[in-house]
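Q: sequence and computational prediction follow.
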Amino acid sequence: MNETISTLLYLVSASLFILGLKRLSSPVTARSGNLMGAAGMLLAVVLTLLDRGIVDYTAIIAGLLVGGAVGALLARRVAMTGMPQLVAAFNGFGGVASGMVAVAELSTGTHPPLETAAAAALSTVVGIATFTGSLIAFGKLQGLLPGRPMLFKGQRVFDSVLASGIVAVAVLTIMADRPGALWVLVVLAAVVGVTRTLPIGGADMPVIVAFLNSMSGLAAASTGFVIGSGALIISGALVGASGLVLTTIMSRAMNRSLLNVLFGAFGGNGDEGARSTAAAPVRRATVEDVAITLAYARSVIVVPGYGLAVAQAQYSTRDLADRLAERGVDVRYAIHPVAGRMPGHMNVLLAEADVPYEQLLDLDEINEDFPRTDVALVVGANDVVNPSARDDPSSPIYGMPILDVDQAVTTIVIKRSLSPGFAGIDNPLFYRDATLMLFADAKAALDELSKAVPEA
């Protein structure tokens, strides 16, 4: 292929990545941004295969058909509640693809230049560690592994020795043609991905999903330097930078540093932990009680959480909001940055149910409105509405910004039980006099509420 044409097409591909990422910053334009990014990647892949003469047209078409079929199947079969797991898997496969290319480059029998060998070693370590770490994250999100932090005695010493070993073997791999050292590096990278993800609890999964996404981008950018692909360098850098920015935003939303997330071993299963106020009474409400309270409110703020995702109650939530809007009730949604199991989880779920984007407000935009709100309707959220984060210095989540639902005139919580959230701690919100507890499956409760709310 003509070099000038090839360069121009790579530039088009990189431009599509940049423009697509820009459009992903808004829910209104996110769909088109996703399509632009996909088009840019397709162009880059096909162009690279043709430009390098790696395979013939038959293999390219076969790869497109097989990959497209798998992608279409996943798009149709994976429920929105399974998106965090799917994102974790995608991060892992992206990382291992970069790592495999780097390993192949170092296994050619001809030792590459120093800078190429260094980039390949970095891509190998980051890519393979991202793969195994993402598998562990997938297992935790899917419930195949316990959500609690999993540590062993002497882990800090083990991790230190492991990190030192990786550095030493990487230097050996870079400086000398030692195939054995390369495979030792692969094994050590795989081990560190496992040992660094197992101690991370369920409460921190949104941050870790974003961090692993950033690491997969770093691995891709490093591999771009190895094979001399400008498109891969640009796309990897974009993914790595955007993932790191998102990780920082998520960490700040929890008022914790990334190091604390990675090494703090915080958060439980979500079904463990004793309740310090177990003997405290709660105000149980019936569907009729809640329906009347909502129907005669002037303003309602809905706070979705992972319980809404588990119950697949996004459509039921919208139906109830529509019913209330017909009565003249002002309904909005308060979205906490770390609600759910991945960044933007609640936004994606509610957008799927065609909830108007202008009704979705983040913590900073809506928190000041709770004192002027008649009803805060909490659907499956727990830690992100826990007043202990604001009022109790002894709480492990103290300092984490929360949605101040307890400042509304009435707070209604739809929840299956009084079990703690992913942080594994009790929530005093449930025992307040102004809190009504509706114990039920979120979807069933919302469907009943839609029917029970009087017509306008």
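A: Everything's here; your move.

Q: use CA for all of it now, contacts and neighbours both
A: Will do.

Q: and stretch 364-373, what's buried?
A: For stretch 364-373, a neighbour-count test (16 or more other CA atoms under 10 Å) marks 366-367, 370-371, 373 as buried.

Q: look up the closest residue to Val126, ignoring the ones flanking it.
A: Closest residue to Val126 apart from its sequence neighbours, by CA to CA, 6 or more residues apart in numbering: Ala219 at 5.6 Å.

Q: I'd say the one you found and Ala119 touch.
A: No - using CA atoms under 8 Å, Ala219 is not in contact with Ala119, being 9.1 Å away.

Q: ok, and what's touching stretch 42-56?
A: Stretch 42-56 has contacts (CA atoms under 8 Å, 6 or more residues apart in numbering) with 1, 6, 9-10, 13, 60, 231.

Q: quick check, distance from it to the centre of its chain.
A: 31 Å (CA atoms, centre = their mean, to the nearest Å).

Q: cool, stretch 370-386 as well?
A: With CA atoms, centre = their mean, you get 22 Å for stretch 370-386.

Q: alpha carbons only: can I get that stretch in PDB?
A: Provided in PDB are the C-alpha atoms of stretch 370-386 (Å, rounded to 0.1, in the frame of the first residue of the first chain):
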ATOM      1  CA  PHE A 370     -32.400  17.500  49.100                       C
ATOM      2  CA  PRO A 371     -33.400  19.800  52.000                       C
ATOM      3  CA  ARG A 372     -36.000  21.300  49.600                       C
ATOM      4  CA  THR A 373     -37.300  17.900  48.400                       C
ATOM      5  CA  ASP A 374     -40.400  16.200  49.700                       C
ATOM      6  CA  VAL A 375     -39.400  12.600  49.100                       C
ATOM      7  CA  ALA A 376     -36.000  11.000  48.400                       C
ATOM      8  CA  LEU A 377     -36.800   7.500  46.900                       C
ATOM      9  CA  VAL A 378     -33.800   5.200  47.400                       C
ATOM     10  CA  VAL A 379     -33.900   2.200  45.200                       C
ATOM     11  CA  GLY A 380     -31.300  -0.400  46.000                       C
ATOM     12  CA  ALA A 381     -28.600   2.100  47.100                       C
ATOM     13  CA  ASN A 382     -26.800   1.700  50.400                       C
ATOM     14  CA  ASP A 383     -23.200   3.000  51.000                       C
ATOM     15  CA  VAL A 384     -23.700   6.100  48.800                       C
ATOM     16  CA  VAL A 385     -26.500   7.300  51.100                       C
ATOM     17  CA  ASN A 386     -25.000   6.300  54.400                       C
END
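
Q: buried sites along it?
A: 370-371, 373-386.

Q: looking at those residues, spot the one nearest Gly240.
A: Checking the buried residues of stretch 370-386 against Gly240 by CA to CA gives Val384 as the nearest, at 27.1 Å.

Q: scan the protein for its longest helix.
A: Longest helix of the chain, by residue count under DSSP state H: helix 114-142.

Q: after that one, next one along is what?
A: Sequence-wise, the next helix or strand beyond helix 114-142 is helix 155-175, with elements assigned using DSSP states H and E.

Q: what helices or strands is that next one leaning on?
A: helix 114-142, helix 179-197 (3 or more CA pairs under 8 Å, 6 or more residues apart in numbering; DSSP states H and E).

Q: now do the contacts for the residue nearest the centre of the chain.
A: When CA atoms, centre = their mean is applied to the chain, the residue found nearest the centroid is Met342 (2.3 Å). By CA under 8 Å, 6+ apart, Met342 lies in contact with 84, 205-207, 209-210.

Q: tell me the secondary structure at it.
A: Three-state assignment for Met342 (DSSP: H, G, I helix; E, B strand; the rest coil): coil.

Q: please name the residues that touch the nearest residue to Ala389 once chain neighbours are set aside.
A: Spatial nearest neighbour of Ala389, chain neighbours left out: Tyr398 (3.9 Å); criterion: CA to CA, 6+ apart. Taking CA under 8 Å, 6+ apart as the contact definition, Tyr398 lies against 388-392.

Q: let's have the residues you listed in JSON lines, adding neighbour count, pLDDT and distance to Thr247.
A: Shown next, in JSON lines, are these (neighbours: other CA atoms under 10 Å; pLDDT from 0 to 100; distance: CA to CA, whole Å):
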{"residue": "Ser388", "neighbour count": "22", "pLDDT": "91", "distance to Thr247": "24"}
{"residue": "Ala389", "neighbour count": "22", "pLDDT": "89", "distance to Thr247": "20"}
{"residue": "Arg390", "neighbour count": "17", "pLDDT": "90", "distance to Thr247": "22"}
{"residue": "Asp391", "neighbour count": "11", "pLDDT": "89", "distance to Thr247": "26"}
{"residue": "Asp392", "neighbour count": "12", "pLDDT": "88", "distance to Thr247": "26"}
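
Q: distance to Arg76 and secondary structure for these - can I get that in JSON lines?
A: Formatted as JSON lines, the contacts of Tyr398 follow (distance: CA to CA, whole Å; DSSP: H, G, I helix; E, B strand; the rest coil):
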{"residue": "Ser388", "distance to Arg76": "40", "secondary structure": "helix"}
{"residue": "Ala389", "distance to Arg76": "39", "secondary structure": "helix"}
{"residue": "Arg390", "distance to Arg76": "41", "secondary structure": "helix"}
{"residue": "Asp391", "distance to Arg76": "44", "secondary structure": "helix"}
{"residue": "Asp392", "distance to Arg76": "45", "secondary structure": "coil"}
